[in-house]
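Engineer: Can you look at this prediction? I've put the sequence above it.
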Amino acid sequence: MKTNYLMSAEDVANELGVSKGHAYKVIRQLNDELEKSGFIVVTGKIPRAFWEKKFYGYQTVQTA
């Protein structure tokens, strides 16, 4: 099963058990952090690897 590279607000809401509105706030905050670090961001989405690093302290390694 292949997972998407980017997480949507719905994915974040399900992961945290919060509303989609709150998920958008979390995504906005994380995207601001990425942008300040010089990364290009997609509004309303967050890279799954960055999500896992920020919330769980690790990154998963995807294999082909």
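Structural biologist: The structure has been received and is ready for your questions.
Engineer: Run through this protein and note the low-pLDDT ranges.
Structural biologist: Filtered on pLDDT under 70, the chain yields the residue ranges 1-3, 58-64.
Engineer: Mind naming the longest helix for it?
Structural biologist: Criterion DSSP state H: the longest helix present in the chain is helix 20-36.
Engineer: which is the next helix or strand following that helix?
Structural biologist: Downstream of helix 20-36, the first helix or strand assigned by DSSP states H and E is strand 46-47.
Engineer: Report the angle between the host helix or strand of N14 and helix 20-36.
Structural biologist: Assigned by DSSP H and E, N14 falls within helix 9-16. Relative orientation of helix 9-16 versus helix 20-36 (axes from the mean of the first three to the mean of the last three CA atoms, to 10 degrees): 100 degrees.
Engineer: Which residues does helix 9-16 contact?
Structural biologist: 4, 7, 18-20, 22-24, 26-27, 44, 46, 51, 55 (CB atoms under 8 Å, 6 or more residues apart in numbering). The way it works is simple: take the backbone N, C-alpha and C, and place the C-beta from them, glycine included.
Engineer: May I see the buried residues of that helix?
Structural biologist: Buried positions in helix 9-16, judged by neighbour count with 16 or more other CB atoms under 10 Å: A9, D11, V12, A13.
Engineer: just stretch 29-42 next, same as before
Structural biologist: Neighbour counts over stretch 29-42 (16+ other CB under 10 Å) mark L30, N31, L34, V41 as buried.
Engineer: what separates it from the chain centre, distance-wise?
Structural biologist: Chain-centre distance of stretch 29-42: 11 Å, with CA atoms, centre = their mean, to the nearest Å.
Engineer: Can you give me the end-to-end span of it?
Structural biologist: By CA to CA, to the nearest Å, the extent of stretch 29-42 from end to end equals 13 Å.
Engineer: Pull the distance from stretch 17-35 to the chain's centre.
Structural biologist: How far stretch 17-35 lies from its chain's middle: 8 Å, per CA atoms, centre = their mean.
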